[in-house]
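[1] Mind looking at a prediction? Sequence and model below.
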Amino acid sequence: MTEQHLLTQRTARYYTLGTASEQITDLWIVCHGYGQLARYFLRHFAPLDNGRTLIVAPEALSRFYLDGFSGRVGATWMTKEDRLAEIEDQATYLNLLLQTQLQQLPASVRVTILGFSQGGATVSRWLASGAAPVHRLILWAASFPEDIDFSSGKAAFEHLPVVIVYGTQDEFITSESLKKKQQLMNELGIQPQVYTFEGGHTLHSETLLLVDKTL
């Protein structure tokens with residue numbers, strides 16, 4: 001038995017808050033976590049919708065029923081199955097999305113990439129290719145994946161402001177996992193700004209606004 005691949009075209013879905021115009025100074029690309037859908041995830045970013053910011057939430061290409069064979073649907077960026085092909089597809093998708101948005105915006109627009117939970121690993125792998133013009137990276141309840149390509153990834157994150165945000169009651173974050181994340185970032189030469197808030201595995205409006213103002 002021989003495994004083979006066929007490159008095909010498919011439709012990707014994304015949602016926006018704000019309208020592309022010459023008045024836009026900031027573009028945010030925000031990637032949801034495991035089992036979420038982009039239209040619901042985007043609601044957390046309503047506090048940033050100020051007429052000068054365009055927020056774009058792409059949806060992962062793989063969807064599934066969250067419980068059994070019907071009912072609520074979620075999306076996932078990847079699984080362990082055929083992961084290298086999925087990583088490449090993600091980068092192609094996100095690069096095209098970013099380019100499409102930038103074509104409609106002033107050349108001076110500032111680009112912020114935010115990845116929440118599984119979306120954090122997704123945007124880290126994407127940016128490691130060095131192809132995306134990004135001004136700041138926010139990893140929310142997330143961190144760089146341990147399998148990131150250090151040979152190319154290191155240069156991609158040089159001089160890129162990185163922020164880590166997590167809730168102090170996040171059940172997925174332990175002192176041991178925080179230590180591992182810090183070691184990995186040290187290897188990449190990254191000294192992130194760290195923000196915490198009282199809460200669990202979720203976004204937090206006040207902290208989101210604080211991060212936006214101080215970066």
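    Looks like it came in fine. If you're wondering where the values come from, they're calculated on a predicted model, not measured in any experiment. Numbers count the residues shown, from 1 in each chain.

[2] which of the residues in the top helix by length along the chain are buried?
    When the chain is parsed with DSSP state H, its longest helix is helix 83-102. Neighbour-count burial for helix 83-102 flags 86-87, 89-91, 93-94, 98, 101-102 (criterion: 16 or more other C-beta atoms under 10 Å). In short, each C-beta sits where N, CA and C put it, glycine included.

[3] what's the answer for stretch 7-18, then?
    14-15, 17-18.

[4] Which one of these is nearest to residue 115?
    Nearest to residue 115 among those, counting by C-beta to C-beta, is residue 14 at 14.7 Å.

[5] Let me see the contact set for the closest one.
    Residues counted as contacts of residue 14 (C-beta atoms under 8 Å, 6 or more residues apart in numbering) are 38, 56-59, 97.

[6] C-terminal to the lowest-mean-pLDDT helix or strand in the chain, which secondary structure element comes first?
    When the helices and strands of the chain are scored by mean pLDDT, DSSP states H and E, helix 150-156 comes last with a mean of 63. Once helix 150-156 ends, the next helix or strand along the chain (criterion: DSSP states H and E) is strand 162-167.

[7] other SSEs contacting that next one?
    Applying 3 or more C-beta pairs under 8 Å, 6 or more residues apart in numbering; DSSP states H and E, one finds that strand 162-167 contacts strand 136-140, strand 193-197, helix 205-214.

[8] what's the helix or strand where residue 29 lies in contact with?
    Secondary structure assignment for residue 29, by DSSP H and E: strand 26-31. Strand 26-31 has contacts (C-beta under 8 Å, 6+ apart) with 41-42, 45, 48, 52-58, 60, 77, 94, 97-98, 101-102, 105, 109-116, 119-120, 122-123.

[9] Of those residues, grab the buried ones for PyMOL.
    This is how PyMOL selects the buried members of the contacts of strand 26-31, with burial counted by 16+ other C-beta under 10 Å:
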select buried, resi 41+42+45+48+53+54+55+56+57+58+60+77+94+98+101+102+105+109+111+112+113+114+115+116+119+120+122+123
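
[10] low-scoring stretches of the protein, by residue?
    Within the chain, the stretches with pLDDT under 70 are 131, 149-154.

[11] let's see it at 90
    3-10, 64, 68, 79-84, 87, 128-133, 143-160, 174-191, 214-215 (pLDDT under 90).

[12] helix, strand or coil for the residue nearest to the spatial centre of it?
    Geometric centre of the chain, nearest residue: residue 115, 2.5 Å, by C-alpha atoms, centre = their mean. What DSSP: H, G, I helix; E, B strand; the rest coil gives for residue 115 is strand.

[13] Using neighbour counts, pick out the buried residues of the strand holding residue 29.
    Buried, per 16+ other C-beta under 10 Å, within strand 26-31: 26-31.

[14] what's the next secondary structure element after that strand?
    Following strand 26-31 in sequence, per DSSP H and E, is helix 38-41.

[15] Dump the C-alpha coordinates for that following helix into CSV.
    Extracted in CSV, the C-alpha atoms of helix 38-41 (Å, rounded to 0.1, in the frame of the first residue of the first chain):
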residue,chain,number,x,y,z
ALA,A,38,-15.2,31.3,13.9
ARG,A,39,-18.4,33.3,14.1
TYR,A,40,-18.8,32.6,17.8
PHE,A,41,-15.2,33.1,18.6
